[in-house]
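Asker: Got a sequence here, can you model it:
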Amino acid sequence: RSLAHAQAQTRLAVEYILVDNASTDETVEGASKVSGLRVIANQENLGFAAGNNAGMRAARGRSVVLLNNDTLVPPGWLDRLHAHARSIGRVGIIGPSTNTEPGQALFGARYNGLDEFFAYNREIGRTHRGQWELCEKISGLCMYVPRKVIDEVGLLSEDYGLGYFEDDDYCFRVRDAGYRTIWAKDIYVHHFGSVSFENSGVSREQHLSYGMSQFIFKWGKRALKHIAKSHRHTLIKPAEPQLHS
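Answerer: Numbering: from 1, shown residues only. A predicted model of the protein is given here:
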């Protein structure tokens, strides 16, 4: 609903693609009735990377945004991401501020319910307008990627199973290609976190461990340093702002 609300207020020409990884509810049936929404219904759970890759292959735009299903976005979120992409040189990936990623967190974020969430975004849109920072890792919960970067770097690696660390891997590959990973401070996307794992009965810890092992095997000491710097929260999870309806 937040995505539809935001779309009604954007000035950008946008195509929306829903990739469903064999959900067992009525997601596909309901989504198929939404005018203008393209639905890719996978017959099995392909995991985060393969699911997103299917959407990236189908996308026709000059840029692609990967957005998790367990997120809330405010009006203007896409316009601000696009503005950053146009004004910053050598953009590889842009991600918003959010509540589940310490490396993309704004100090003092507080909101209860959608009205306060939207009001908070209007506030940071004013106080942090146009502000951004280089960020070592942009979370896959929301990634803005220019098409030229996808063409040069490729799609997400599907070596990480159902999920975890394929976004870290992609950030490494994008930076190694000479592009920058950008944290946009004037946009805030709420992430409920691990909803897909919880709803599917899949062990989050098991796949987190597998993804981490794959990441370390591929990148070696560089991966270990990155995990120590950017993933302390995977072992000690901080308190997160809660959104109540």
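
Asker: Next SSE downstream of the least confident helix or strand in the chain by mean pLDDT?
Answerer: In the chain, no helix or strand scores lower on mean pLDDT, DSSP states H and E than helix 195-200, which sits at a mean of 54. If you walk from helix 195-200 toward the C-terminus, the next helix or strand you reach (DSSP states H and E) is helix 204-219.

Asker: what pLDDT, on average, does that next one get?
Answerer: The pLDDT scores in helix 204-219 average 92.

Asker: buried ones in that helix?
Answerer: Buried residues in helix 204-219, counted by 16 or more other CB atoms under 10 Å: 207-208, 210-212, 214-216, 219. Yep, even glycine has a C-beta here, placed from its N, CA and C like the rest.

Asker: which residues are contacting that helix?
Answerer: Helix 204-219 is touched from outside by 159-166, 168-169, 172, 194, 197-198, 223-224, 226-227, 231, 234, with contacts defined as CB atoms under 8 Å, 6 or more residues apart in numbering.

Asker: any idea how far it is from the chain center?
Answerer: Helix 204-219 sits 19 Å away from the centroid of its parent chain (CA atoms, centre = their mean, to the nearest Å).

Asker: now the next helix or strand along the chain from it and helix 204-219, what's the angle there?
Answerer: Using DSSP H and E, the helix or strand that follows helix 204-219 in sequence is helix 221-230. Put simply, helix 221-230 runs at 140 degrees to helix 204-219, going by axes from the mean of the first three to the mean of the last three CA atoms, to 10 degrees.

Asker: who are the neighbours of helix 221-230, in terms of helices and strands?
Answerer: helix 166-176, helix 204-219 (3 or more CB pairs under 8 Å, 6 or more residues apart in numbering; DSSP states H and E).

Asker: Out of those helices, flag the one nearest Asn45.
Answerer: Closest of those to Asn45 is helix 204-219, at 11.3 Å (criterion: CB to CB).

Asker: got the CA positions of the closest one in CSV?
Answerer: This file holds the C-alpha atoms of helix 204-219, laid out as CSV (Å, rounded to 0.1, in the frame of the first residue of the first chain):
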residue,chain,number,x,y,z
ARG,A,204,17.4,-17.7,9.2
GLU,A,205,20.4,-18.7,11.2
GLN,A,206,21.2,-21.7,8.9
HIS,A,207,21.1,-19.6,5.8
LEU,A,208,23.0,-16.7,7.4
SER,A,209,25.8,-19.1,8.3
TYR,A,210,25.9,-20.6,4.8
GLY,A,211,25.9,-17.2,3.2
MET,A,212,28.7,-16.0,5.4
SER,A,213,30.8,-19.1,4.7
GLN,A,214,30.4,-18.6,1.0
PHE,A,215,31.3,-15.0,1.3
ILE,A,216,34.5,-15.7,3.2
PHE,A,217,35.4,-18.6,0.9
LYS,A,218,35.2,-16.2,-2.1
TRP,A,219,36.7,-13.1,-0.7
